[in-house]
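Participant: coords please:
(one chain, ligands or ions: 1)
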Amino acid sequence: MTALDTAALLREAEAILRANDRGTYTVPTEGLYPFQWNWDSCLTALGQARFDEARAFREIETLLDHQWEDGMVPHIVFHQPDDGYFPGPDVWRTGRAVPTSGITQPPVAGFALARLVERARDRAAAERAARALLPKIAAWHDWFMRCRDPEGTGLVAIVHPWESGRDNSVDWDAALARVSTEGVEPFVRRDTGHANPAHRPTQEQYERYVALVQGFRDLGWDNAKIHDASPFRVVDPGFNAILVRSGFDLARLADELAEGALAARLRGQAERGLAALDGLWSEAHGQYLCWDRVAGAPVDSPSVGGLLAAFAPVPAPRAAAIARRIEALAERARFAVPSHDPAAPEYDGRRYWRGPLWLIVNYMIADGLRAAGETAVAERIVADSLALIADSGFAEYYDPQTGAPCGGGRFTWTAAMVIEFLSRERQPA
Ligand code: DGY
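Facilitator: Numbers count the residues shown, from 1 in each chain. As a prediction, this is how the structure comes out:
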């Protein structure tokens, strides 16, 4: 491994964030992703805050400016036309003045906002921003309860693999196979022109992704109908853990801002989610598993989604078991944490979410494990993350066995996470 030159890495990370900054939002990377993505932006704000706090809040404000009237926060905001991405606004047809996609993404905004405020150097400005953002993010959480947990189980479902952020995870294979591709309009992918096709989802997966989009479009993007009508409804432990963690963090922030009723509502939702999450635990796998709501069965897939659950304040024995599981995975890969178990037959170390390691996931898992007292594993994850950057640059994701950079380059949230890892000593405990 190349020796870490902390100052040089921080300089490079900041340069990437500035280069991808479009003024009020940041693109994930040139070319491959030319718009604003939901969870990218929220995690990016953490890195931006280290050198420009006001700009960091702006990143989240811009995203929330495009919240739907029903509370949903879309996964992409198409701020300006760009033919280099598929599917663009002409496919989504959500009918908004500034076009957006019609699905959502992991709700990490609450966590990010709370963290920005707790670290703020300009506390008054941070509280002003938080007062405006808090009810909007809370409305998004309410939307999840209403539209993605209509039976009140405590856990929310995703209706499209893109919502998970882990697009082509093995977790979705069986559920996605049930999505019919009949009637899918012809399309030309753009992603494979920017990144190595061997690092991206397959054509068959794309056809099913588009089939789901067309199906929701046919329902007029009515979220009162989409959940029950979708042939793809999966409960993802990682996604739910992010919602739970954001809920608790926002509740704490709401208390600080003397918004007692809001705090109670958010905390109640998060407590229900945390209790229900335990139903996804698999003793056999030593981790959480997804639940297929259409099939009414667990998804037998040892992916990082079940480890990311450590981001929520899960019971100590669960966090300890996840830490042991990560230690075992680290023996099968040079760098922790692979997005799929290298021992599983479907593992593919370079194909997006079927094996590669992602810094944002490492960041959230390490954060949760550190809070649970699993410090050694958390430190190992951070050290592996930084070793990868020093060796392979600021890629979108990495092969966990060779360390090879994969996907897009000069990647925004990778840079933001490097800033986070290297600035940790300045964070409150
Ligand atoms: C993509 O286009 O690869 C995105 O992950 C979908 O949001």
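
Participant: From now on I want contacts and neighbour counts done on CA atoms only, so please keep to that.
Facilitator: Will do.

Participant: my read: A120 touches E53, true?
Facilitator: Yes. Under the criterion of CA atoms under 8 Å, A120 makes contact with E53 at 7.4 Å.

Participant: Nearest the geometric middle of the protein, what residue?
Facilitator: P106 (4.6 Å; CA atoms, centre = their mean).

Participant: So for that residue, what's the nearest residue that isn't a sequence neighbour?
Facilitator: Leaving aside its sequence neighbours, P106 sits nearest to F239 (CA to CA, 6 or more residues apart in numbering; 5.6 Å).

Participant: What pLDDT is listed against that neighbour?
Facilitator: In this model, F239 is scored at 99, pLDDT.

Participant: so it sits in a strand?
Facilitator: No. Judged by DSSP: H, G, I helix; E, B strand; the rest coil, F239 forms no part of a strand; its state is helix.

Participant: gap between it and G306?
Facilitator: According to CA to CA, to the nearest Å, F239 and G306 sit 9 Å apart.

Participant: Look at the closest residue to A416 other than its chain neighbours and say how many residues are nearby.
Facilitator: Distances taken as CA to CA, 6+ apart place G47 nearest to A416, at 4.1 Å, with adjacent residues excluded. When counting by other CA atoms under 10 Å, one arrives at 27 neighbours for G47.

Participant: which residues in this structure form strands?
Facilitator: Per DSSP state E, the chain carries strands over the ranges 36-37, 76-77, 234-235, 281-282, 287-288, 291-292, 297-298, 397-398, 405-406.

Participant: Generate a markdown table for the ones you listed, with distance to R324 and mean pLDDT as supplementary columns.
Facilitator: Shown next, in a markdown table, are these (distance: least, CA to CA, whole Å; pLDDT from 0 to 100):
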| stretch | distance to R324 | mean pLDDT |
| --- | --- | --- |
| strand 36-37 | 33 | 98 |
| strand 76-77 | 36 | 99 |
| strand 234-235 | 24 | 99 |
| strand 281-282 | 14 | 98 |
| strand 287-288 | 10 | 98 |
| strand 291-292 | 23 | 98 |
| strand 297-298 | 22 | 98 |
| strand 397-398 | 22 | 98 |
| strand 405-406 | 27 | 98 |
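
Participant: Please name whichever of these is nearest to I158.
Facilitator: Each of those was scored for nearness to I158 using CA to CA, and the closest is strand 234-235 (5.5 Å).

Participant: how much space between the nearest residue to T412 once chain neighbours are set aside and A416?
Facilitator: Closest residue in space to T412, ignoring its immediate chain neighbours: P28 at 5.0 Å, by CA to CA, 6+ apart. Per CA to CA, P28 is found 11 Å from A416.
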